[in-house]
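Chemist: Sharing a model prediction with you, sequence too.
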Amino acid sequence: MIFRGNKWSQMIKFCVRLVQRWLPEPFIFAILLTFVAALVAMPLCHQTPFEVVEHWGDGVWNLLEFAMQMALVLVCGSTLAAAPVIKRTIASMARLPKSAPSAIALVTVVSALSCWLNWGFGLIVGVVFAKAIARQRLDVDYRLLIASAYSGFVVWHAGMSGSIPLTMATPGEALPMATNGALTDPVPLAQTILDWHNLVTVLFVIIGITIANTLMHPKQGVLTIDPALLKDDDDITTDVSSSSKTPAQRLEQSKLLSWLVALVLVAYLVIHLFINGANLDLGGVIMIFLALGLMLHPTPVDYVRAFGKATSGAAGIILQFPFYAGIMGIFTGIGDSGISLGGVMAEACVQISNSVTYPMLTFLCAAVLNLFVPSGGGHWAVQAPVMFTAGANLAVDPGLTGMAISWGDAWTNLIQPFWALPALAIARLDAKDIMGYCLIDLLVTGVIICGGLLIWAM
């Protein structure tokens, strides 16, 4: 079989070496994408350099709220994982795999299922679990293990926290405004995320990446893992037995105070999700991480100190997100010509489509756009006005159009360092360490997703 033969091994080595040689540090990658977007926008959209710079500057601060949320997902998730009881539980689960390939498979499945349920939860859980397994099994390739944890992220936008399907299912005036009147009524989740075509595609994607990741593990010659990457910080506990504590110290070490704050957070989530019927969004995930962390760390001051140690991993997010927001501004900015770069890309896709190929081409268009605008909200702003109108003209089901955009938004995350930043911060790796393996997953999942969309369109 080719998967066991030299051709498979050669392809893996080629992809790994290609990425390690040519993929720069994620911040440099963001800068290069900025210049590429600017140089393409000027001739295609007939925009002047001054217009492009203005669009970039206007967009720079548009992801501040999202950047803060992503930083808190990383820091609160890492702080929760540092709680003594959580570390013991994860370490116990990490002993389940009996071989290196089974460890790779288990991490892939756990990550993918977690990301399908909620992307913020899955992005952190997968890599924390992978790191715990690496401490138990020194025969597993650490870079591939972290890549396997990140590869599960490919199903997030086809899952229960997918921003585009959830937006499509939300009634109100925003839907017809965003789609230029192509959608006037909400599209239920039964026609998007929970449609059997999508569920089968998700299943085959998870199977595909699990098999691919397992087969990528070398039979011999596993690279030595730097012990510093696996170092587990000592539990941060404060001495509460002293009889000479000041009132301030008593408050800092009060478990009751932690639990009261945590219960307030839990009460809000119950009201928000179960009484008001809202969806679990990124803010809800952060609150869950925060509440559990406060409850499971010994004292409030222990939580504060663990939180402080975790914040260093958010540096890449804080630095890079404004640059991607600027790129989004270039793609959505409309100059005196009356057209935007995102609109030009979407229109080009429409011109070469028919009712059967339209979903697949929409997927590929979204995949390319995602390299520059790795945000579901950005995709919605750029593609919704054009793609849903064209889909309606071609008699393509709006649920299928929405899921084609969603899959495209998620697919090229496998080779886009933007979303890998939280995972890389926890794993203490560089993007080039894992993206070669993710490139293989990109090829495998691309075939599966394209096939699923074509079958759905027939």
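Modeler: That came through fine.
Chemist: And residue 258, how close does it get to residue 84?
Modeler: Taking C-beta to C-beta, to the nearest Å as the criterion, residue 258 is separated from residue 84 by 14 Å. No exception for glycine: its C-beta is placed from N, CA and C like everyone else's.
Chemist: Spatially nearest residue to residue 367 (excluding sequence neighbours)?
Modeler: Leaving aside its sequence neighbours, residue 367 sits nearest to residue 408 (C-beta to C-beta, 6 or more residues apart in numbering; 4.2 Å).
Chemist: now swap in residue 452 and tell me
Modeler: Residue 452 sits nearest to residue 201 (C-beta to C-beta, 6+ apart), 3.4 Å away.
Chemist: In contact with the one you found, which residues?
Modeler: Residue 201 makes contact with 158, 407, 448, 449, 452, 453, 456, according to C-beta atoms under 8 Å, 6 or more residues apart in numbering.
Chemist: and those residues as JSON lines, adding secondary structure, neighbour count and distance to residue 7?
Modeler: JSON lines is the format used below for the contacts of residue 201 (DSSP: H, G, I helix; E, B strand; the rest coil; neighbours: other C-beta atoms under 10 Å; distance: C-beta to C-beta, whole Å):
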{"residue": "158", "secondary structure": "helix", "neighbour count": "26", "distance to residue 7": "30"}
{"residue": "407", "secondary structure": "helix", "neighbour count": "32", "distance to residue 7": "28"}
{"residue": "448", "secondary structure": "helix", "neighbour count": "20", "distance to residue 7": "20"}
{"residue": "449", "secondary structure": "helix", "neighbour count": "28", "distance to residue 7": "23"}
{"residue": "452", "secondary structure": "helix", "neighbour count": "25", "distance to residue 7": "26"}
{"residue": "453", "secondary structure": "helix", "neighbour count": "27", "distance to residue 7": "28"}
{"residue": "456", "secondary structure": "helix", "neighbour count": "21", "distance to residue 7": "31"}
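Chemist: I'd like these as CSV, with distance to residue 395 appended.
Modeler: Output for the contacts of residue 201, formatted as CSV (distance: C-beta to C-beta, whole Å):
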residue, distance to residue 395
158, 23
407, 20
448, 25
449, 22
452, 20
453, 16
456, 14
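Chemist: since we're on the residue nearest to residue 166 when sequence neighbours are not counted, how many residues are nearby?
Modeler: Spatially, and ignoring its direct neighbours in sequence, residue 166 is nearest to residue 279 (5.7 Å; C-beta to C-beta, 6+ apart). Using other C-beta atoms under 10 Å, residue 279 is surrounded by 15 other residues.
Chemist: Can you classify residue 279 as helix, strand or coil?
Modeler: Here residue 279 is recorded as coil under DSSP: H, G, I helix; E, B strand; the rest coil.
Chemist: Mind checking what helix or strand follows the helix or strand of the chain with the lowest mean pLDDT in sequence?
Modeler: Least confident element among the helices and strands of the chain, by mean pLDDT, DSSP states H and E: helix 227-230 (a mean of 66). Going down the chain from helix 227-230, the next helix or strand is helix 247-252, by DSSP states H and E.
Chemist: Flag every buried residue along that next one.
Modeler: Residues 249, 252 are the ones in helix 247-252 that count as buried (16 or more other C-beta atoms under 10 Å).
Chemist: so after the helix or strand residue 43 falls within, what's the next helix or strand?
Modeler: Taking DSSP H and E as the criterion, the element that holds residue 43 is helix 26-44. Using DSSP H and E, the helix or strand that follows helix 26-44 towards the C-terminus is helix 49-59.
Chemist: Show me what that next one is packed up against.
Modeler: helix 26-44, helix 315-332 (3 or more C-beta pairs under 8 Å, 6 or more residues apart in numbering; DSSP states H and E).
Chemist: Show me the contact partners of the helix or strand that it is followed by.
Modeler: Sequence order places helix 64-81 as the next helix or strand after helix 49-59, per DSSP H and E. Contacts with helix 64-81, where a contact means C-beta under 8 Å, 6+ apart, come from 86-87, 90, 120, 123-125, 128, 282-283, 285-286, 289-290, 292-293, 296-297, 303, 306-307, 310-311, 313-314, 317-318, 321-322, 325, 375, 377, 421-422, 425-426.
Chemist: Am I right that residue 41 is in contact with residue 332?
Modeler: No - Residue 41 is beyond contact range of residue 332, at 10.5 Å (criterion: C-beta atoms under 8 Å).
Chemist: Now do the contacts for the closest residue to residue 410 other than its chain neighbours.
Modeler: Take residue 410 and drop its neighbours on the chain: the residue closest to it by C-beta to C-beta, 6+ apart is residue 157, 3.9 Å away. Contacts for residue 157 (C-beta under 8 Å, 6+ apart) come out as 119, 163, 164, 165, 376, 406, 407, 409, 410.
Chemist: What's the separation between residue 350 and residue 358?
Modeler: In terms of C-beta to C-beta, residue 350 sits 8 Å off from residue 358.
Chemist: same question but for residue 12, I mixed them up
Modeler: Shown here: residue 12 relative to residue 358, a distance of 34 Å by C-beta to C-beta.
Chemist: quick one: which of these two has more around it?
Modeler: residue 358 (25 against 20).
Chemist: That one touches residue 396, doesn't it?
Modeler: Yes - applying C-beta under 8 Å, one finds residue 358 in contact with residue 396, separated by 5.3 Å.
Chemist: before we move on, back to that, I'd like the list of the contacts of residue 157 that fall within helices, please.
Modeler: Taking DSSP state H, the ones among the contacts of residue 157 that sit in helices are 119, 163, 164, 165, 376, 406, 407, 409, 410.
Chemist: How about the first one, nearest residue that isn't a chain neighbour?
Modeler: Just to be clear, that refers to residue 119. residue 156 (3.7 Å).
Chemist: Please verify my assumption that that neighbour contacts residue 120.
Modeler: No - in this structure residue 156 lies outside contact range of residue 120 using C-beta under 8 Å: 9.0 Å.
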